[in-house]
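> Pasting the sequence and the predicted model now:
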There are 2 protein chains.
Amino acid sequence: MAERGYHHGDLPATLVRTAMEMLAEDGGAELSLRAVARRAKVSPAAPYRHFPDRMALLSAIAAVGYRELLADLTARQPEPKTADDLADLAVAYVDFALARPGLFRVMFAEGCDRTSPDRVAAVAAIHAFLAAVVERAMRTDDPAAVATGMWALVHGLAFLHLDGKLDAEPAAARTARVRATVAAMLSARTR
Amino acid sequence: MAERGYHHGDLPATLVRTAMEMLAEDGGAELSLRAVARRAKVSPAAPYRHFPDRMALLSAIAAVGYRELLADLTARQPEPKTADDLADLAVAYVDFALARPGLFRVMFAEGCDRTSPDRVAAVAAIHAFLAAVVERAMRTDDPAAVATGMWALVHGLAFLHLDGKLDAEPAAARTARVRATVAAMLSARTR
DNA sequence: GTGCGGATGTGAGTGTCGTCAACATTGCGG
DNA sequence: CCGCAATGTTGACGACACTCACATCCGCAC
């Protein structure tokens, strides 16, 4: 934690932390490498000693985001069993996206390195968690497909809300709507 | 269509068309206003006579994209009635996203003007189409929620595929998977 | 026809960005 | 204690979005 000096101590972690602060403060703005360096009291070129380019920093941020998203989900429902628990998870997912839009967009942006081991592992963990939930809470003969579908459902809800494609509404109303949507999808039958 | 001359004839439409060509050719690249102007054989400042800023051009492009997406959907299934027809629409939605990733990302990007009448109308048209489909093909006591859910489901599938969060696979396998996912979601029951 | 005004396109300029190369400083192993 | 690799800085380049003063041209009144 040596604050001053020519050398920094742990610049990579500081950059990631700083960048996440900036995303939290202004989720809509472009996250420029220079701005992050400025805020970290470091020259614009310093980050290049630790990240090959801007996307690499964004990928590192995304990896942290995946872990925090998974933590949010498991914190809300460590052992989901019922359809209601499932709806809780959907609400948690959408809440995460709307509470931290900048981070969420970095996590699911184009151009990020699809093959970074951190990212792949984190995404796999989310998928595995969802699959386990579905196994426990749903009755279906294609659990993998339902797990994918549930992920797509909450992911789509999150993005549609984020992009203002659904009517803007206060958080409580949104929670109710997410719940209703999940419930309706799970009880709808073909004609 | 006067090709030469100081004045252009219809620069706004030319810019939108040119930009969409560029998105089609390289869906992953950033669409810079200067590059579009260059390709349209026009100075970098010319677009500003017709669009207040870059986002306005992107919004115009997005509006066209919405119309084309809706056209794709209705072309595939003008009068969907069965669950299978619904799955066809899901496939068409995901196909659109993967066939024209650049355009799809512009359509659902942050920063675009949420309040542009064109955009709002186009989005409403898609939602209305979906609602009508659900009304016809599904049995549920909350058709609006199911319509939102179906949109979120296909939208989420599209984005997860686009971002490589699901295993990459050839188009035929993807089609089968989208079908299976929709079918599984519609037949899954809570335990 | 002629000329004039507004619409449209141009050129040069500002500030920011990502990235790089050459140089400066420092911590650490021999 | 010294030298080297790791780390940070400075200055630069090209591209970008956007602005403003200026150039050109179309359409319309007369």
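Yep, that arrived.
> Which strand or helix spans the residue lying closest to residue A:26 once chain neighbours are set aside?
Spatial nearest neighbour of residue A:26, chain neighbours left out: residue A:102 (7.1 Å); criterion: Cβ to Cβ, 6 or more residues apart in numbering or on different chains. Heads up, the C-betas are built off the backbone N, CA and C, glycines and all. Assessed by DSSP states H and E, residue A:102 sits inside helix A:101-107.
> Sort out which residues of the helix or strand following that helix are buried, please.
Toward the C-terminus, helix A:101-107 is succeeded by helix A:117-137 as the next helix or strand (DSSP H and E). Buried residues in helix A:117-137, counted by 16 or more other Cβ atoms under 10 Å in any protein chain shown: A:119, A:120, A:122, A:123, A:126, A:127, A:129, A:130, A:131, A:133, A:134, A:137.
> same thing with stretch A:29-48?
Applying a neighbour-count criterion of 16+ other Cβ under 10 Å, one finds A:31, A:33, A:36, A:37, A:40, A:42, A:47 buried in stretch A:29-48.
> Contact partners for the third one?
What it means is residue A:36. Shown in contact with residue A:36 (Cβ atoms under 8 Å, 6 or more residues apart in numbering or on different chains): A:15, A:18, A:19, A:22, A:47, A:57.
> ok, so what distance separates the first one from residue A:31?
Read that as residue A:15. The gap separating residue A:15 from residue A:31 is 11 Å, by Cβ to Cβ, to the nearest Å.
> So in that sheet, which strands flank the helix or strand bottoming out on mean pLDDT in chain A, and in what orientation?
Least confident helix or strand of chain A, by mean pLDDT, DSSP states H and E, is strand A:189-190 with a mean of 86. Next to strand A:189-190 in the sheet, as set by DSSP bridges, lie strand B:138-139 (antiparallel).
> Which strands and helices lie in contact with the helix or strand just after the partner strand?
Where DSSP H and E defines the elements, the next helix or strand beyond strand B:138-139 is helix B:143-162. Judged by 3 or more Cβ pairs under 8 Å, 6 or more residues apart in numbering or on different chains; DSSP states H and E, helix B:143-162 is in contact with helix A:143-162, helix A:171-187, helix B:83-99, helix B:101-107, helix B:117-137, helix B:171-187.
> If we use 10 Å, what do you get?
helix A:143-162, helix A:171-187, helix B:83-99, helix B:101-107, helix B:117-137, strand B:138-139, helix B:171-187 (3 or more Cβ pairs under 10 Å, 6 or more residues apart in numbering or on different chains; DSSP states H and E).
> Out of these, which gets nearest to residue A:67?
helix A:143-162 (16.7 Å; Cβ to Cβ).
> Select the longest helix from chain A.
helix A:54-76 (DSSP state H).
> Can that helix be said to contact DNA strand C?
Yes - residues of helix A:54-76 are located near DNA strand C by Cβ under 7 Å from any atom of the strand, namely A:54, A:55.
> burial count for the closest residue in space to residue A:64 that isn't next to it in sequence?
Residue nearest to residue A:64 in three dimensions, not counting chain neighbours: residue A:16, with 6.4 Å by Cβ to Cβ, 6+ apart. Counted by other Cβ atoms under 10 Å in any protein chain shown, the residues lying close to residue A:16 total 20.
> My guess is residue A:16 contacts residue A:103. True?
No - using Cβ atoms under 10 Å as the test, residue A:16 is too far from residue A:103 to be in contact (11.3 Å).
> which residues are in contact with both of those two?
Counting by Cβ atoms under 10 Å, 6 or more residues apart in numbering or on different chains, the contacts common to residue A:16 and residue A:103 are A:61, A:64.
> How about the residues of chain A by DNA strand C?
Residues of chain A lying near DNA strand C (Cβ under 7 Å from any atom of the strand): A:5-7, A:31-35, A:44-45, A:48, A:52-55.
> of the residues you listed, closest to DNA strand D?
residue A:45 (3.2 Å; Cβ to the nearest atom of the strand).
> element containing the residue nearest to the closest one when sequence neighbours are not counted?
Closest residue to residue A:45 apart from its sequence neighbours, by Cβ to Cβ, 6+ apart: residue A:37 at 8.0 Å. Per DSSP H and E: residue A:37 is located in helix A:33-39.
> Tell me the confidence at the residue lying closest to residue A:131 once chain neighbours are set aside?
Of all residues not flanking residue A:131 in the chain, residue A:147 sits nearest, at 4.2 Å (Cβ to Cβ, 6+ apart). Here, the pLDDT recorded for residue A:147 equals 95.
> what residues are up against residue A:129?
Residue A:129 sits next to A:70, A:73, A:74, A:77, A:80, A:89, A:147, A:151 when contact means Cβ under 10 Å, 6+ apart.
> Fine by me, thanks again.
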